[in-house]
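[1] Task: produce atomic coordinates for the following.
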Amino acid sequence: MNINNQLHHSEGTHMYHINGIIPQLLLALPFVLCLVMYSIAVVISSKNHKPWAKYRTVCWVLGVLFATFAIAGPLANSAHTDFTAHMFSHLFLGMLAPLLMALAAPVTLMLRTLSVPIARRLSKVLKSWPSRLFTNPLVASFLNVGGLWVLYTTNLYSLMHESILLHLIIHFHVFLAGYLFTVSIIYIDPKAHRTPFLNRTIVLIVALAGHGIVSKYIYAHPPYGVRLEQAEIGGMVMYYGGDVIDIIFVFIICLQWFKASRPRAMYMNQ
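    Model (predicted):
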């Protein structure tokens, strides 16, 4: 074992002090509350309006389950000592769960469920400049992919396993950045400030390329505290697993673009 691998191995033996039930409960609690609130909203909305689409409820439940599975339970426990497990957790929490939960149209459900005055206040929040800023495709992709660069190219990954507060912040950031990126590219809920399809597609392509480059960087340059062989497997999981989810992204935005342009094309052909 060379000096670099010895350093990674020795550091790896000291970075798992926060593996316990309390951090997992703190991370899982918001998702459990979201599941309960969404379920209540579905019941109320279905009574006052037409029944809420079942597939959206299924998407929300699956999204919450994947997110919870990533931060609590066997996979979360393994992620503290196994970089491959950590990468599966990253894919579930930062990519798959946000995509599924965005497809569940939670904002639309809230607008249908809330009273008119409260729904109007929510609409004002959605039209505000902070909402416009953080759901801008460029900003959201920077928070998403840029955050990965910072996490895996500095000693932040190692520090995350030594501080409960940092552990919580990073995991919430991974999910929120993934969700903001998803809703900035794929429009399921109403959005006051809409970016053209071409612009979003370009940002998506660049972001996917950035995600792939991070994966390759991890493969060749293990994060601080990770052994080379684990980094190679983890990098491949991030690269190929990300490709699978990326295909879904590309399919959805292409389908939306086709549906949006189809009426115009039919009108021009008349």
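
[2] Only C-alpha atoms from now on, for both contacts and neighbour counts.
    OK.

[3] quick one, strands of this protein?
    Remark: strands of the chain are absent; assignment by DSSP state E.

[4] which sections of it are below the confidence cut-off?
    Applying pLDDT under 70 to the chain flags the ranges 1-19, 263-270.

[5] Swap in 50 and give it another go.
    Confidence mapping of the chain against pLDDT under 50 gives the ranges 1-16, 265-270.

[6] for it, what's the longest helix?
    Determined from DSSP state H, the single longest helix within the chain is helix 228-269.

[7] other SSEs contacting it?
    Secondary-structure packing of helix 228-269 (3 or more C-alpha pairs under 8 Å, 6 or more residues apart in numbering; DSSP states H and E): helix 83-91, helix 197-220.

[8] can we see that at 10 Å?
    Counting by 3 or more C-alpha pairs under 10 Å, 6 or more residues apart in numbering; DSSP states H and E, the packing neighbours recorded for helix 228-269 are helix 3-12, helix 83-91, helix 97-103, helix 164-185, helix 197-220.

[9] Any chance you could give me the third one in PDB, C-alpha atoms only?
    Extracted as PDB, the C-alpha positions of helix 97-103 are listed here (Å, rounded to 0.1, in the frame of the first residue of the first chain):
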ATOM      1  CA  ALA A  97     -36.000  11.200  -5.000                       C
ATOM      2  CA  PRO A  98     -36.200  14.900  -6.200                       C
ATOM      3  CA  LEU A  99     -37.300  13.700  -9.600                       C
ATOM      4  CA  LEU A 100     -40.100  11.500  -8.300                       C
ATOM      5  CA  MET A 101     -41.200  14.200  -5.800                       C
ATOM      6  CA  ALA A 102     -41.200  16.900  -8.500                       C
ATOM      7  CA  LEU A 103     -43.400  14.600 -10.700                       C
END
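
[10] 659 is where my numbering starts, stick with that
    Yep, numbering from 659; the last one is helix 755-761 now.

[11] Outside of that helix itself, list whatever touches it.
    The contact list for helix 755-761, computed with C-alpha atoms under 10 Å, 6 or more residues apart in numbering, reads 713-726, 728, 749-751, 754, 762, 832-841, 844-847, 903, 906-907.

[12] Now with 8 Å, please.
    In this structure, residues lying in contact with helix 755-761 by C-alpha atoms under 8 Å, 6 or more residues apart in numbering are 714, 717-718, 720-725, 833-834, 836-837, 840-841, 846-847.

[13] so Val690 makes contact with Leu723?
    No - Val690 lies out of contact with Leu723 (C-alpha atoms under 8 Å); the separation is 9.0 Å.
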